[in-house]
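Engineer: Have a look; sequence and predicted model below, questions after that.
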Amino acid sequence: MGVLQVASTLVAPPLCVACGRGCRAEAVLCTRCSRSLGAATPILARGPQGVDRAWSSAPHDGVARSLVGALKFRRLLPVAGLMADRMHWLAPGHLLGGAVVSVPAAPSRLRHRGFDPAGELAAALAAQLETDLVSCLARRGLGHQVGRTRAERIARAPRIEAIGEAPRSVLLVDDVLTTGATLTSCAMALREAGAKRVVALTFTRRL
Ligand SMILES: [Zn+2]
């Protein structure tokens, strides 16, 4: 967390990422938005197919949604640290065994953005949990899900492949859980590559 705090001081202006009002120089959120985020209720559910359990720190709404947008579209990397903090604090301890694997970005999207929001979040979370971050998945084609309907997203689930041996117990990390189709594709590939337990952790979940 030390490095992320220093980075946020140097890089981010002292404005709240969610509402744009002034806040402490080293803070990502103002006091009011911090409180609002603190009131969001985590969601634990049976995972989509192939995923044992799916846990999200908040519904995809309000301040939590603003943080996802700030990381994804404004590339505010200190936000990944804050999101990982909350996931670490709030997730039930019995879910947190295993190595972290991030849901892979589409190659075209990675080229376009130059960075991978889910990857940043996964790296920050692995550091917090003091566990391994394993890159063993890759995504082929059909990367763009934004703007598609729910039915289209499910029908056009991305093709995910294992590119190495998977850890036995996996914490599969993404920023948002929408239909779960992507998590299912990842879980299938992980199980084929040796994973026995797959728990999905996302910062938000669309309800
Ligand atoms: Zn605010």
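Structural biologist: Looks like it came in fine. Just so we're clear, the structure is a prediction, and the values are computed from it rather than from any experiment.

Engineer: Show which residues not belonging to stretch 26-36 make contact with it.
Structural biologist: Around stretch 26-36, the neighbours that count as contacts under Cβ atoms under 8 Å, 6 or more residues apart in numbering are 5, 8-9, 12, 14, 16-19, 21-23, 37, 62-63, 66-67, 76, 78-79, 82. Any C-beta I mention is one placed from the backbone N, CA and C, and that applies to glycine too.

Engineer: is the ion contacted by it?
Structural biologist: Yes: counting by Cβ under 5 Å from the ion, contacts between stretch 26-36 and the ion involve 30, 33.

Engineer: close enough to count as contact, residue 53 and residue 92?
Structural biologist: No: contact criterion Cβ atoms under 8 Å: residue 53 and residue 92 do not qualify, at 9.1 Å.

Engineer: follow-up on the earlier one: return only those of the contacts of stretch 26-36 found close to the ion.
Structural biologist: Applying Cβ under 5 Å from the ion to the contacts of stretch 26-36, one finds that 16, 18-19 fall near the ion.

Engineer: which ones are touching residue 50?
Structural biologist: Counting by Cβ under 8 Å, 6+ apart, residue 50 makes contact with 183-184, 187-188, 191, 198.

Engineer: Excluding chain neighbours, what is closest to it?
Structural biologist: Closest residue to residue 50 apart from its sequence neighbours, by Cβ to Cβ, 6 or more residues apart in numbering: residue 187 at 3.2 Å.

Engineer: and residue 161, what does it touch?
Structural biologist: Residues counted as contacts of residue 161 (Cβ under 8 Å, 6+ apart) are 137-140, 189.

Engineer: Can you tell me which of those residues end up in strands?
Structural biologist: Members of those lying in strands (criterion: DSSP state E): 137-140.

Engineer: Can you add pLDDT and give those back as JSON lines?
Structural biologist: Listed next are the ones in strands among the contacts of residue 161 as JSON lines, based on pLDDT from 0 to 100:
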{"residue": "137", "pLDDT": "96"}
{"residue": "138", "pLDDT": "93"}
{"residue": "139", "pLDDT": "89"}
{"residue": "140", "pLDDT": "83"}
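
Engineer: Show me how to select, in PyMOL, the buried members of those.
Structural biologist: Buried members of the ones in strands among the contacts of residue 161, defined by 16 or more other Cβ atoms under 10 Å, are picked up in PyMOL with:
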select buried, resi 137+138+139
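
Engineer: Among the ones in strands among the contacts of residue 161, which one sits closest to residue 115?
Structural biologist: Closest approach between those and residue 115, by Cβ to Cβ: residue 139, at 15.3 Å.

Engineer: How about the closest one, nearest residue that isn't a chain neighbour?
Structural biologist: That would be residue 104: by Cβ to Cβ, 6+ apart, it lies 4.4 Å from residue 139.
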